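K.L.:
Here is my input; please provide its structure:
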Amino acid sequence: MEARRSLRRRGQSSHVPWMYSASPTTGDWESYIADDLVAYVDRHYRTIANRLSRGLGGHSMGGYGTIRIGMKRPDVFSSLYIMSACCLMNAPFPANGNRGAGPRGEGARAEGAGAEGARGEGARGEGQGRGRGGFGNVQAALAAAFSPNPKNPPDFFDNPTKDGELQPLVVARWAAASPLAMIDQYVTNLKKYGAIVADNGGFFSISVTPDDRWPAGCFDHFNTINITNFEVIQTTGANEGPRSAGAPSANAGSDQSVTLGAPTQLQGFVNFTGAPPVVQWKLYSGPGTVLFGNSAQTNTTATFGAPGIYTLMLSADDSVHAVAYDAVVFTVSSAISVAATRAGTNVNLVWTGGSPPFVVEKTDALSASSWSGAVTTSSQNASVPITNLNQFFRVRGQ
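P.N.:
Next comes the predicted model:
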């Protein structure tokens with residue numbers, strides 16, 4: 001997979017998780033998500049490749065990554081969904097775990113959550129990476145992400161504790177990587193987002209960018225939505241409902257170049273098992289209108305209202321599985337109308353419609369099965385020598 005190779009170029013690390021940070025120890029995960037992964041998806045899937053059609057979301061560590069990357073890259077994403085994000089304020093605990101003076105759950109844990117001998121500093125030496133387990137792995141991963149140090153082998157990070165004491169400079173680096181500490185620096189970027197949704201399992205907070213099309217205060221009731229406002233309307237087993245076999249598939253046919261004004265035959269088809277799905281043709285994009293003969297049939301006609309490039313979407317919905325979609329592109333050109341006048345031993349041709357390049361062809365017999373090319377041009381006129389008493393000409397466009 002190309003994205004995986006790119007990730008390895010940006011850096012590998014045994015410190016798991018990676019906190020979606022840009023660290024010389026763990027790799028540049030920020031650029032991998034915002035640049036490499038986005039480019040890979042846009043190249044390999046049918047996407048609308050611009051920020052207005054792209055969002056970023058994640059849970060727990062992924063929620064932290066959503067905030068961290070989202071604050072820095074509004075040029076790539078236009079909406080954020082932050083689910084139960086961790087590490088909003090990173091405050092390492094002393095080496096003897098999170099018992100005692102420090103409150104539990106205050107940001108990222110540091111040296112583990114158990115007895116000192118099992119997970120504390122003594123089991124790892126001075127914070128280095130040997131023999132750790134459980135939250136010791138988390139501690140090491142956070143240090144690799146928030147306080148990397150390429151000059152400190154073998155783990156190449158600075159631990160926030162040494163000899164049982166917190167190290168103020170390292171703790172400050174951890175705090176600086178906290179979204180609550182970063183937000184003032186990136187508040188202008190956050191204002192560029194169309195919507196930001198955050199939840200912690202008990203409530204949803206929704207922020208929507210003001211827009212002149214919406215009346216003032218129309219989203220005020222979305223400010224905080226309790227989880228009890230949501231209702232589960234259907235539950236299914238592992239092989240039931242949307243995950244069951246027999247999902248429909250749609251194929252909209254091959255791309256075509258067609259003439260404006262004439263009905264074009266659509267060559268779509270749908271595969272399914274069980275009850276027939278609801279079939280629908282729609283105009284996805286294009287410079288004009290499209291009139292379908294019967295938009296509920298796979299094999300119907302489409303008449304285009306203006307020259308240009310159109311994308312039509314075929315869907316199949318069986319009300320159980322995810323809706324199946326496929327698209328087809330039509331390049332629509334005006335019909336070519338030619339006027340011919342004789343000028344000595346030449347014939348002057350002038351035409352309208354069509355798209356360049358144009359090919360002027362000729363034949364000596366109207367019933368001839370083949371025509372020979374006389375001129376290729378990007379303009380809409382040509383002068384062609386007459387080489388026979390009876391000669392016929394035609395113009396073809398792209």
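
K.L.:
helix, strand or coil for the residue lying closest to F330 once chain neighbours are set aside?
P.N.:
Computed as Cβ to Cβ, 6 or more residues apart in numbering, the closest residue to F330 that is not its neighbour in sequence is Y310, at 4.7 Å. Where C-beta positions appear, they are placed from N, C-alpha and C, glycine not excepted. Secondary structure assignment for Y310 (DSSP: H, G, I helix; E, B strand; the rest coil): strand.

K.L.:
Would you check how far apart Y310 and V328 are?
P.N.:
9 Å (Cβ to Cβ, to the nearest Å).

K.L.:
So which residue is smack in the middle of the chain?
P.N.:
By Cα atoms, centre = their mean, the mean C-alpha position of the chain lies nearest to R54, the distance being 4.9 Å.

K.L.:
unless I'm mixing things up, that one is touching V76, no?
P.N.:
Yes - using Cβ atoms under 8 Å, R54 is in contact with V76, at 6.6 Å.

K.L.:
Report the set of residues contacting both of those two.
P.N.:
V38 (Cβ atoms under 8 Å, 6 or more residues apart in numbering).

K.L.:
hmm, back to that, neighbours around the nearest residue to the residue nearest to the centre of the chain once chain neighbours are set aside, how many?
P.N.:
Leaving aside its sequence neighbours, R54 sits nearest to F77 (Cβ to Cβ, 6+ apart; 5.4 Å). Using other Cβ atoms under 10 Å, F77 has 23 other residues around it.

K.L.:
List the residues that contact F77.
P.N.:
A34, R51, R54, G55, L56, I69, G70, Y193.

K.L.:
quick one: which of those residues is nearest S244?
P.N.:
Closest approach to S244 among the contacts of F77 (Cβ to Cβ): G55, at 28.2 Å.

K.L.:
what are the phi and psi angles of the closest one?
P.N.:
phi -130, psi 170 (degrees, to the nearest 10).

K.L.:
Could you give the bridge partners of the spatially closest residue to it that is not a sequence neighbour?
P.N.:
Distance criterion Cβ to Cβ, 6+ apart; nearest residue to G55, sequence neighbours excluded, is S79 at 3.9 Å. With DSSP bridges as the criterion, S79 is bridged to G55, A195.

K.L.:
Give me the pLDDT for S79.
P.N.:
Note on S79: pLDDT of 91.

K.L.:
How many neighbouring residues does it have?
P.N.:
S79 has 19 nearby residues by other Cβ under 10 Å.

K.L.:
is it fair to say I67 lies in a strand?
P.N.:
No - going by three-state DSSP, the assignment for I67 is helix, not a strand.

K.L.:
Three-state assignment for A34, please.
P.N.:
Assignment for A34 (three-state DSSP): helix.

K.L.:
now swap in L180 and tell me
P.N.:
Quick answer, by three-state DSSP: L180 is helix.

K.L.:
distance of it from M71?
P.N.:
Taking Cβ to Cβ, one finds L180 at 11 Å from M71.

K.L.:
These two: which has the busier surroundings?
P.N.:
M71 (19 against 13).

K.L.:
That one belongs to a helix?
P.N.:
Yes - when three-state DSSP is applied, M71 is found to be in a helix.

K.L.:
list the contacts for it?
P.N.:
P179, M182, I183, Q185, Y186, N189, L190.

K.L.:
What confidence value was assigned to G136?
P.N.:
64.

K.L.:
Likewise for the one 5 residues further on?
P.N.:
A141 is assigned 86 on the pLDDT scale.

K.L.:
Could you count how many residues lie near it?
P.N.:
There are 24 residues near A141, going by other Cβ under 10 Å.

K.L.:
Now do the phi/psi pair for it.
P.N.:
phi -60, psi -40.

K.L.:
could you measure it against M61, distance?
P.N.:
Noted for A141: a distance of 9 Å to M61, by Cβ to Cβ.

K.L.:
Ok, N348 next?
P.N.:
73 Å.

K.L.:
quick one, which of the two is more surrounded?
P.N.:
A count of neighbours by other Cβ under 10 Å puts M61 above the other of N348 and M61, at 21 against 14.

K.L.:
Tell me how far that one lies from I196.
P.N.:
Distance from M61 to I196, by Cβ to Cβ: 19 Å.

K.L.:
what do you get for V375?
P.N.:
60 Å.

K.L.:
what's the answer for R54, then?
P.N.:
14 Å.

K.L.:
Please apply the same query to H321.
P.N.:
Using Cβ to Cβ, H321 is found at 31 Å from I196.

K.L.:
Please apply the same query to N239.
P.N.:
36 Å.

K.L.:
mind giving me the domain split of the protein?
P.N.:
244-333, 337-396 (automatic domain parsing).

K.L.:
Pick the most buried one from those.
P.N.:
With neighbours taken as mean count of other Cβ atoms under 10 Å, the domains of the chain reach their highest mean count in domain 244-333, at a mean of 16.

K.L.:
I appreciate the help and will end here.
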